[in-house]
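Novice: Provided below are the primary sequence and the corresponding predicted coordinates.
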Amino acid sequence: MTCDEARILLHALLDNELDAGHAREVEAHIASCPDCAAEFAAQREMQRVLADTDLRYTAPASLRTRIEALLPQPQRQQPTRRSVLRGFAMGSAVSALAATGVVAVVLRQDDQQRILSEVVSAHLRSLQAGHLTDVISTDQHTVKPWFNGKLDVAPPVIDLTAQGFTLVGGRLDYIDARAIGAVVYKRRQHVVNLFVSQTSSTEYRAPKTETMQGFNCRRWGNRGLNFWAVSDIGADELAEFVDKFEAAMKANVEG
């Protein structure tokens, strides 16, 4: 394991989010590398300081009293038998619809979390030596044609070097039991994996950032494709990457 690979996984090791195999590899590297050991010690100290700091704020009880005083008071009326029966019937119907909707929402959320977990696992696998790229190139005109014939739809490959995100290559990966494209960028020494899969929906889904196993993941949908950008860079930098990628892709389509 190299220093670059180890430093990418230090946060996950601190939070006990690595599997046993990866944890042993990182710990073995730290034991033999003074620089990475010092970096790990600094991060552990920062974690301890943050844990010991009381960052919670409790609102005073007087604030609740003031808010309740500003709320309109409901007018109480004696219910009639007809209104009670009508309310009961409507409530039953609404409850049935709500229950159906809740089940559907829960299933969709569970499915999304499962796929997100697979995406982060694929990102972790790529950080192992020799797993990051199948095609190595900083030229988008070399990387994009490499995907032709390997996937039903080749992922968009955009050179963002001038914007601070260097294209380093691409590879095939597997998410949700399907082969998908992964376009690989670097921000300084940090890896940014952009996973792209085809979808039947052409509806635009705004970018949303989630965190899992110490990594930030920003997912969105556009032009019949699903995107997941995963990295250990800050959420603001990952959002910047997505914004620049989307802007460049839009410019290419309009051009």
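Specialist: Nice, I can see it. Residues are numbered from 1 along each chain as shown.
Novice: going forward, measure contacts between C-alpha atoms and count neighbours the same way
Specialist: Noted.
Novice: quick one: the helices in the stretch 151-255 of the chain?
Specialist: 235-254 (DSSP state H, counting those that start in this stretch).
Novice: any stretches of it with poor pLDDT?
Specialist: 254-255 (pLDDT under 70).
Novice: which one is the residue nearest to the spatial centre of the chain nearest to, not counting chain neighbours?
Specialist: For the chain, Cys217 is the residue whose C-alpha lies nearest the centre (C-alpha atoms, centre = their mean; 1.7 Å). Distances taken as C-alpha to C-alpha, 6 or more residues apart in numbering place Val230 nearest to Cys217, at 4.4 Å, with adjacent residues excluded.
Novice: if we can go back for a sec, you'd agree the residue nearest to the centre of the chain is up against Pro207?
Specialist: No - if you go by C-alpha atoms under 8 Å, Cys217 and Pro207 don't touch, sitting 9.9 Å apart.
Novice: OK, contacts around Arg7?
Specialist: Contact partners of Arg7, counting by C-alpha atoms under 8 Å, 6 or more residues apart in numbering, are Cys36.
Novice: what values do phi and psi take at it?
Specialist: phi -70, psi -30 (degrees, to the nearest 10).
Novice: try Asn16
Specialist: On the backbone of Asn16 - angles per degrees, to the nearest 10 - the values are phi 60, psi 40.
Novice: would you map out the domains in the chain?
Specialist: 3-49, 106-252 (the TED database).
Novice: out of the ones you listed, which is closest to Thr58?
Specialist: Nearest of the domains of the chain to Thr58, taken as C-alpha to C-alpha: domain 3-49 at 20.8 Å.
Novice: now that closest one: mean pLDDT?
Specialist: Averaging pLDDT along domain 3-49 yields 83.
Novice: now do the same end-to-end measure for it.
Specialist: 25 Å (C-alpha to C-alpha, to the nearest Å).
Novice: ok, the nearest residue to Asp176 once chain neighbours are set aside to Gly181 distance?
Specialist: Of all residues not flanking Asp176 in the chain, Ile115 sits nearest, at 6.4 Å (C-alpha to C-alpha, 6+ apart). Using C-alpha to C-alpha, Ile115 is found at 15 Å from Gly181.
Novice: swap in Ile67?
Specialist: To Gly181, Ile67 is 52 Å away according to C-alpha to C-alpha.
Novice: just Thr58 next, same as before
Specialist: From Thr58 to Gly181 the distance is 47 Å (C-alpha to C-alpha).
Novice: who's more crowded, those two?
Specialist: Gly181 (25 against 6; other C-alpha atoms under 10 Å).
Novice: partner residues bridging that one?
Specialist: Beta-bridge partners of Gly181, counted by DSSP bridges, are Leu172, Val196.
Novice: shouldn't it be in contact with Gly170?
Specialist: Yes - counting by C-alpha under 8 Å, Gly181 touches Gly170, with 7.3 Å between them.
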